[in-house]
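Undergrad: sequence first, then the predicted structure:
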Amino acid sequence: MAIKLCCVYNSNEINFIAASRECGHLHILEDNVFVELIPSIQQGIQSKKVVVTGLNYFDTPL
């Protein structure tokens, strides 16, 4: 059974973070990344920082 992907979200540091299917919602690729939402207050405004940790990368930049 093939799944048709519509959109892939990635970055230079961590390749694939999320992908969408026909429904249009992004789904986190949990086998590849761990995504955290960290509460943050900057200039009196509450927000959340997105922290993404790659799970399949073993190289360390020098």
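TA: All right, it came through fine.
Undergrad: Lys49 against Ser40, yeah?
TA: Yes. Counting by C-beta atoms under 8 Å, Lys49 touches Ser40, with 4.9 Å between them. Using the backbone N, CA and C atoms, a C-beta is placed for each residue, glycine as well.
Undergrad: and the residue nearest to the spatial centre of the chain, helix, strand or coil?
TA: Nearest to the geometric centre of the chain sits Ile17, at 3.5 Å (C-alpha atoms, centre = their mean). When classified by DSSP: H, G, I helix; E, B strand; the rest coil, Ile17 comes out as strand.
Undergrad: what of Glu22?
TA: Applying three-state DSSP: Glu22 is coil.
Undergrad: shaky segments in the protein?
TA: Applying pLDDT under 70 to the chain flags residues 1, 3-5, 60-62.
Undergrad: which stretches of it form strands?
TA: With DSSP state E as the criterion, the chain has strands at 7-10, 16-20, 26-28, 33-42, 45-54.
Undergrad: any idea which of those is most buried?
TA: strand 16-20 (a mean of 17; mean count of other C-beta atoms under 10 Å).
Undergrad: the residue lying farthest from the centre of the chain and Thr53, how far apart?
TA: Ranked by distance from the centre of the chain (C-alpha atoms, centre = their mean), the top residue is Gly44, with 26.5 Å. The spacing between Gly44 and Thr53, counted by C-beta to C-beta, to the nearest Å, is 29 Å.
Undergrad: please consider this matter closed, and thank you.
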